[in-house]
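Colleague: missing the sequence, but the structure's below:
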């Protein structure tokens, strides 16, 4: 069930100062008007917050029964914010528990060309704290594309193609960012669109085993997407991971012995993108590890071309903090102890005390982890428990020590691989 509420009159108009995201439990049957009333009461009692803040435990019996979390979202810095003097934009949603379904092109061969699911989905995290500034830029970008379309801005005079290209080394979170962005937008724009759909194209599946058929498969893929776009009440996100597979430089292909199929694929993709950009309810999200191999005509069509590098120390801190919170929730780390955010530590000038000691240890660990990929960072808590956990349940302090050893081991393995090369 999708529950949504909004306090926004026009996408792209003067934006409310503060966004409130209310995650309703999937089994809840409460009316969104009731949820909104109780959330407003909560915010009235706790009207001063330090930056972005999330409630997961409630004294209010109604909220405890029906709501997973209430988040004051996307506020920057460790400053105190008085919610009473801000306009609030309240988004009430629940997550779709369905697994992705396969989108096939060739029924006789059951060719899986893409995964498809409804948003917001439990399968995708919408927590993009680790790339906070970039995520806000992308949110603003999509909001503006919709706003310009709603105002019938002549795209022949002011050009935009609804295409985002994130590029950088493998394992830096490009794909996760695309999924998180789509998730966040499906929540933010629920007042504008009745539902959101997400299609993740399997680029490699579009290369046919039959010579010269790949271009036709690309066309078929986009015809399937067009069917989703034709529903004007739906916001459609299309993710093309490793887009260089479909948009290899035609100049490079022409240097080969059999370039025809690769060129047909690129031409087909470019043609489809030019057709799809006419529709206001679609956003194309693409990622690439090797941008120098992408055809320049595709790169030129991307409105935003953003480099995504390895996570910074502050980003790593947020990644680790979310992992530790999850393990405390599952009682793998016990007893639960409060870990402060970087913003909260900043208000205390990062001075060590009984209150800040564990959080400062986590900050030091994050700084030692700089250089590891996002993919590697997410494995650290698992490896810490698997390799260095002395029991099934560890204290926060014990787990942090195990994580330090896991980070050191990852660094040693990374160095040995470099030396072998």
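Modeller: Looks like it came in fine. This one's a predicted model, so the numbers in the text were calculated from it and none came from an experiment.
Colleague: phi, psi of the spatially most central residue of the chain?
Modeller: Taking CA atoms, centre = their mean, the centroid of the chain lies closest to residue 180, which sits 1.5 Å from it. Phi and psi for residue 180, reported as degrees, to the nearest 10, are phi -60, psi -40.
Colleague: okay but it is in contact with residue 124, surely?
Modeller: Yes - the pair residue 180 / residue 124 is scored as a contact, 6.7 Å apart, by CB atoms under 8 Å. To be clear about C-beta, it is placed using only N, CA and C from the backbone, and glycine gets the same treatment.
Colleague: all helices for this protein, in order.
Modeller: 32-45, 61-66, 132-150, 174-188, 214-229, 250-253, 260-276, 296-301, 313-329, 342-347, 357-368, 374-388, 396-420 (DSSP state H).
Colleague: quick check: mean pLDDT across the longest one?
Modeller: Average pLDDT, helix 396-420: 90.
Colleague: likewise for the fifth one?
Modeller: Rounded to a whole number, the mean pLDDT of helix 214-229 is 88.
Colleague: once you drop chain neighbours, what's closest to residue 118?
Modeller: Counting by CB to CB, 6 or more residues apart in numbering, residue 96 is the residue found nearest to residue 118 once chain neighbours are left out, at 4.8 Å.
Colleague: give me the neighbour count for that neighbour.
Modeller: 20 (other CB atoms under 10 Å).
Colleague: shouldn't it be in contact with residue 116?
Modeller: No - the pair residue 96 / residue 116 is not scored as a contact, 11.9 Å apart, by CB under 8 Å.
Colleague: so where is the stretch 51-200 of the chain shaky, pLDDT-wise?
Modeller: 76-78, 106-112, 125-135 (pLDDT under 70).
Colleague: sorry, back to before: packed most tightly, which of the helices of the chain would that be?
Modeller: Greatest average neighbour count among those goes to helix 174-188 (a mean of 24), per mean count of other CB atoms under 10 Å.
Colleague: quick one: list the elements packing against that helix.
Modeller: Using 3 or more CB pairs under 8 Å, 6 or more residues apart in numbering; DSSP states H and E, the elements in contact with helix 174-188 are strand 88-93, strand 112-119, helix 132-150, strand 163-167, strand 195-201, strand 234-240, strand 282-288.
Colleague: how about 7 Å then?
Modeller: strand 88-93, strand 112-119, helix 132-150, strand 163-167, strand 234-240, strand 282-288 (3 or more CB pairs under 7 Å, 6 or more residues apart in numbering; DSSP states H and E).
Colleague: among the ones you listed, which is nearest residue 270?
Modeller: Residue 270 lies closest to strand 163-167 among the helices and strands packed on helix 174-188, at 10.8 Å (CB to CB).
Colleague: what lines up beside the closest one in the sheet?
Modeller: strand 282-288 (parallel), strand 304-307 (parallel) (DSSP bridges).
Colleague: hmm, who's touching the shortest one?
Modeller: Strand 304-307 is touched from outside by 134, 141, 164-168, 299, with contacts defined as CB atoms under 7 Å, 6 or more residues apart in numbering.
Colleague: go again with 10 Å.
Modeller: 131, 134, 137-138, 141-142, 160, 163-169, 172, 174, 177, 285-286, 288, 291, 299 (CB atoms under 10 Å, 6 or more residues apart in numbering).
Colleague: confidence score at residue 392?
Modeller: 87.
Colleague: and it, what is it in contact with?
Modeller: 331-332, 334, 385.
Colleague: buried ones among those residues?
Modeller: Listed as buried from the contacts of residue 392 are 332, 385; burial here means 16 or more other CB atoms under 10 Å.
Colleague: in JSON lines: the contacts of residue 392, plus distance to residue 32 and pLDDT.
Modeller: Putting the contacts of residue 392 into JSON lines (distance: CB to CB, whole Å; pLDDT from 0 to 100) gives the following:
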{"residue": "331", "distance to residue 32": "32", "pLDDT": "95"}
{"residue": "332", "distance to residue 32": "34", "pLDDT": "96"}
{"residue": "334", "distance to residue 32": "36", "pLDDT": "96"}
{"residue": "385", "distance to residue 32": "40", "pLDDT": "96"}
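Colleague: which one among the contacts of residue 392 gets closest to residue 244?
Modeller: Using CB to CB, these come closest to residue 244 at residue 385, 36.6 Å.
Colleague: so the closest one makes contact with residue 405?
Modeller: No - using CB atoms under 10 Å as the test, residue 385 is too far from residue 405 to be in contact (11.2 Å).
Colleague: which residues touch residue 370?
Modeller: 310-313, 315-316.
Colleague: how close does it get to residue 309?
Modeller: 11 Å (CB to CB, to the nearest Å).
Colleague: repeat that for residue 197.
Modeller: 30 Å.
Colleague: look at the two and report which has more neighbours.
Modeller: residue 197 (22 against 9).
Colleague: from residue 236, how far off is the more buried one?
Modeller: In terms of CB to CB, residue 197 sits 5 Å off from residue 236.
Colleague: between these two, what contacts are shared?
Modeller: Counting by CB under 10 Å, 6+ apart, the residues touching both residue 197 and residue 236 are 119, 182, 225, 228-229, 281-282.
Colleague: can you put those in CSV and add distance to residue 69?
Modeller: Listed next are the shared contacts of residue 197 and residue 236 as CSV, based on distance: CB to CB, whole Å:
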residue, distance to residue 69
119, 18
182, 20
225, 33
228, 30
229, 32
281, 28
282, 30
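Colleague: ok, those residues vs residue 380, which is closest?
Modeller: residue 182 (26.5 Å).
Colleague: can you give me the pLDDT of residue 47?
Modeller: 91.
Colleague: please apply the same query to residue 389.
Modeller: 92.
Colleague: got the contact list for residue 67?
Modeller: 22-25, 28, 30, 35, 38-39, 42, 55-56, 58, 60, 92, 94.
Colleague: give me the buried entries from these.
Modeller: 22-25, 28, 30, 35, 38-39, 42, 55, 58, 92, 94.
Colleague: of the residues you listed, which pair is most distant in space?
Modeller: Farthest pair in the buried ones among the contacts of residue 67, by CB to CB: 42 and 94, 17.9 Å.
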